[in-house]
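Student: Below: sequence and its predicted model.
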Amino acid sequence: MQKIGKQTIKFDNPPTILDCASIVGPKEAEGPLAKYFDQTLDDEFWGEKTWEKAESKIIKETVNTLISKSGIPSDKIDYCFAGDLLNQCISSSFGLRELNVPFFGVFGACSTFVESLSLGSICVESFAENVLCATSSHFCSAEKQFRFPLELGNQRPPTSQWTVTGSGAAILTKNGQGPYITHITPGKIVDMGIKDANNMGAAMAPAFADTLITHFIDTSRNPSYYDAIISGDLGHIGKDIAIDIAKSRGYNIKSNYNDCGVLIFDKETQDTHAGGSGCGCCGTVFSGYFFKQLKDKKIRKILLIATGALMNSTSSQQGESIPGIAHAISIEL
Amino acid sequence: MEPLETKQAYQEYVDKKSPNSPIWKNCFNAFWVGGLICTIGQIILNICKQRGFDTATSGTIVSIILIGISAFLTGLNIFNKIGKFAGAGSLIPITGFANSIVSPAMEYKSEGYVMGVGGKMFTVAGPVLVFGISASILVGIIYLIFNTQSITLV
């Protein structure tokens, strides 16, 4: 493991992503990627009394699915990195309290999935055999915490995004056959002064571009090196902005770049406005769709950059701008 | 083009990039749905008057019925769909006020009846009450001043 360039880490014995699992809610089940997820739910409560409990159950069952799929029992997992959007990350800690694995709670807003994978990779490269990484988000619990009650009859602006209900989880292992995490580029906090909490894509796009370009400079790679460059949840507006910013810096990513928030919903029929968002967006789309593409060798090199908006409801009521962050991992076969 | 030169340049660039709400469509829907709700209120008022109630009592009955319908539709997960379609049209009449109290009460029921339902019921409607009542007190004071002056003048 060594640091190359300004902020990238290159692995000497790259950890393998052994397996991934994902469970999504009913709206995601109507979306274009429905068939790739391990399980789709019929209702948001999933038999629980509260949305918070439902979200904990989703992450718990995703991890259980992953454990049975990968054949790595929980006592063979050395560490677990997990996080979510609810205050003090209760979905992960409540959902995984019976797992009996040393637990690191991670918060990177919607960038948590890649942040967990980054930290997990460092562990695997250094001393651990198997590391579990998981995230979740839930539309209803996120609306309750960040916006208004669900039954309130208000209108969402066209720039607003739809929090994905779902959880994605991955197991990293030391001696595997790939796909390998070869590089990680942890991102800086970038704040371009956007204050509109209904336009997260615009708030996060500069952080995405910063990490993307830093990664290219540090690794001496260019956009065409990758089969796919994937951002976490910039949505339709953030995606356009990201392409523009990258272009202004001399990087043309238009042909192989896409966004998980754009892919998970059908904008025309599902009324999700600017696209999906939340920790679960990047988590489920990578675990469900892209990991299978890698396994089937349909794509061989992915740059996955999860983006997060580091704000809470108090900071936006106090008129603060929204700092963005983006972490990148390079996954190769 | 360099969108990231300054914060201000970026804000202007984002404003240009971000689609605006369809304001004419929203206004039109708000206009006819709001009008429809008021017409329903007027019909109830007329019926009450026909049955021999005075204007004040009839007005109270209209409010109670509209609040009741709105609260009921909120509970059935229908009012939020009307609200999404009509915006201010269903928000500004008393129906929106009822919805803004019932929806947090439903949402926070999971935190218990005291701190959840009781404590959070007015999170949305609270500002309306505070400023509504404050404004009425202010207007009352102004009225009092002008009224006493008119008395002294006479």
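Tutor: Yep, that arrived.

Student: What are the phi and psi values at the residue in the stretch 101-250 of chain A positioned nearest to chain B?
Tutor: Relative to chain B, the nearest point of the stretch 101-250 of chain A is A:G153 (1.7 Å; CB to the nearest CB). In short, each C-beta sits where N, CA and C put it, glycine included. Phi and psi for A:G153, reported as degrees, to the nearest 10, are phi -90, psi 70.

Student: Excluding chain neighbours, what is closest to it?
Tutor: Excluding the flanking residues, the one nearest A:G153 by CB to CB, 6 or more residues apart in numbering or on different chains is B:G83, at 1.7 Å.

Student: roughly how far is the helix or strand hosting B:T74 from the heart of the chain?
Tutor: Counting by DSSP states H and E, the element that carries B:T74 is helix B:55-75. Centroid separation for helix B:55-75 versus its chain: 14 Å, with CA atoms, centre = their mean, to the nearest Å.

Student: Name the next helix or strand following it along the chain.
Tutor: helix B:79-86.

Student: Could you export that next one as PDB, CA atoms only?
Tutor: Extracted in PDB, the C-alpha atoms of helix B:79-86 (Å, rounded to 0.1, in the frame of the first residue of the first chain):
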ATOM      1  CA  PHE B  79     -54.600  14.500   0.500                       C
ATOM      2  CA  ASN B  80     -50.900  14.500  -0.300                       C
ATOM      3  CA  LYS B  81     -51.700  13.500  -3.900                       C
ATOM      4  CA  ILE B  82     -54.200  16.400  -4.100                       C
ATOM      5  CA  GLY B  83     -51.600  18.700  -2.600                       C
ATOM      6  CA  LYS B  84     -49.000  17.500  -5.100                       C
ATOM      7  CA  PHE B  85     -51.300  18.300  -7.900                       C
ATOM      8  CA  ALA B  86     -52.900  21.500  -6.700                       C
END
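
Student: Give me the packing partners of it, helices and strands only.
Tutor: Contacting helix B:79-86 under the criterion 3 or more CB pairs under 8 Å, 6 or more residues apart in numbering or on different chains; DSSP states H and E are the following elements: helix B:23-50, helix B:55-75, helix B:88-91, helix B:94-107.

Student: Kindly state the beta-bridge partners for A:Q39.
Tutor: Beta-bridge partners recorded for A:Q39 (DSSP bridges): A:I23.

Student: contacting residues for it?
Tutor: With contact taken as CB atoms under 8 Å, 6 or more residues apart in numbering or on different chains, A:Q39 is in contact with A:S22, A:I23, A:V24, A:E61, A:T65.

Student: for A:K267, same thing?
Tutor: A:H236, A:H273, A:G275.

Student: Same question for A:W46.
Tutor: A:W46 touches A:A54, A:K57, A:I58, counting by CB under 8 Å, 6+ apart.

Student: By neighbour count, which of these wins?
Tutor: A:I58 (30 neighbours; other CB atoms under 10 Å in any protein chain shown).

Student: quick one: it is in a helix?
Tutor: Yes: counting by DSSP: H, G, I helix; E, B strand; the rest coil, A:I58 is found in a helix.

Student: these two touch, right, it and A:G168?
Tutor: No: contact between A:I58 and A:G168 fails when scored by CB atoms under 8 Å: they sit 10.2 Å apart.

Student: Give the burial count for the residue lying closest to B:G35 once chain neighbours are set aside, as a bare number.
Tutor: Distance criterion CB to CB, 6+ apart; nearest residue to B:G35, sequence neighbours excluded, is B:G89 at 7.7 Å. Neighbourhood size, B:G89 [other CB under 10 Å]: 26.

Student: Does B:G89 touch B:C38 like I think?
Tutor: No: contact criterion CB under 8 Å: B:G89 and B:C38 do not qualify, at 9.7 Å.

Student: Just say helix, strand or coil for the residue nearest the centre of chain A.
Tutor: Chain A has A:C282 as the residue nearest its centroid, 3.1 Å off, counting by CA atoms, centre = their mean. Using three-state DSSP, the structure places A:C282 in helix.
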